[in-house]
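[1] When you get a sec, could you give me coordinates for this:
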Amino acid sequence: MENEALVPNPHSQQGKIKRDEDVPIWFPIVFWSLVCAVIFAFFFSYIRFVTLSDAENREREQADRERKEEEEEKREREVTIPSMDFTVLNMTETRLSVKWDLLIRIPPVLPGFYVCLEGDFKVSIAYKGVTIAATPIESYTLEPYWSKLLKVSLIASEGNGAIMKNIVEDVKARGEVRFGSGLLFPDCRKGTSGTMNYACDEATLRFKPGSQTDATLVENQPKCLSPP
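    Prediction:
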């Protein structure tokens, strides 16, 4: 019984004091310091993530705005071809004579700001990347802030060559033919080469049913763009 009295009772006040004395005094300080550090790191990381996300969103929105403004500016400077007719004047086994009639629309943003109000321009027609016809120098007159339609006609005559054979094959076999076009206008902006070269989308011209002489523009209007 005397020996049992020497063993402290863990449920007694003396046992509790003994167990508290076994825990180092610095342990609570280190533990709560680590807890505070983890909370602070998490909070800082969250704030940084939100800040970076906001910055990235602002940059993305700014980039989208600039891209849309650039696309809108390009659309405003687009020259279009609302109408293009193709007529086969003469088609034999050795020769092909054809004519194009184009209607070219100059948008209101170009006159006086990019293209000179008065000057000369040229139009060319290409088949599979090869220029096959070009107009002589044509004169024009524009007004600031006003769009204008320019009417142009081109005639070409081709002998017994590969291009002529391909065009005749398109006319007879497919009932349609595709042509590219290019425009050359004087550039009145300072510090430029003095000319604006427009490259236009290919135009699909389809012949009327039962005809191999008259074709007209189908699908979308060709758009013509010039480098900035």
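[2] for the protein, what spans make up the helices?
    2-6, 13-22, 27-76, 162-169 (DSSP state H).
[3] What is the least confident helix or strand in this structure?
    Within the chain, no helix or strand scores below helix 2-6, which has a mean of 48 by mean pLDDT, DSSP states H and E.
[4] Test my guess that residue 204 contacts residue 222.
    No. Counting by CB atoms under 8 Å, residue 204 sits too far from residue 222 to count as a contact (9.2 Å). To be clear about C-beta, it is placed using only N, CA and C from the backbone, and glycine gets the same treatment.
[5] So for the two, which sits in the more crowded spot?
    residue 222 (21 against 17; other CB atoms under 10 Å).
[6] Leaving out sequence neighbours, find the closest residue to residue 78.
    Spatially, and ignoring its direct neighbours in sequence, residue 78 is nearest to residue 223 (5.0 Å; CB to CB, 6 or more residues apart in numbering).
[7] before we move on, what about residue 79?
    residue 224 is the one closest to residue 79 (CB to CB, 6+ apart), at 4.1 Å.
[8] what do you get for residue 151?
    Spatial nearest neighbour of residue 151, excluding adjacent residues (CB to CB, 6+ apart): residue 103 at 5.7 Å.
[9] And the residue nearest to residue 78, how close does it get to residue 90?
    Relative to residue 90, residue 223 is positioned 32 Å away (CB to CB, to the nearest Å).
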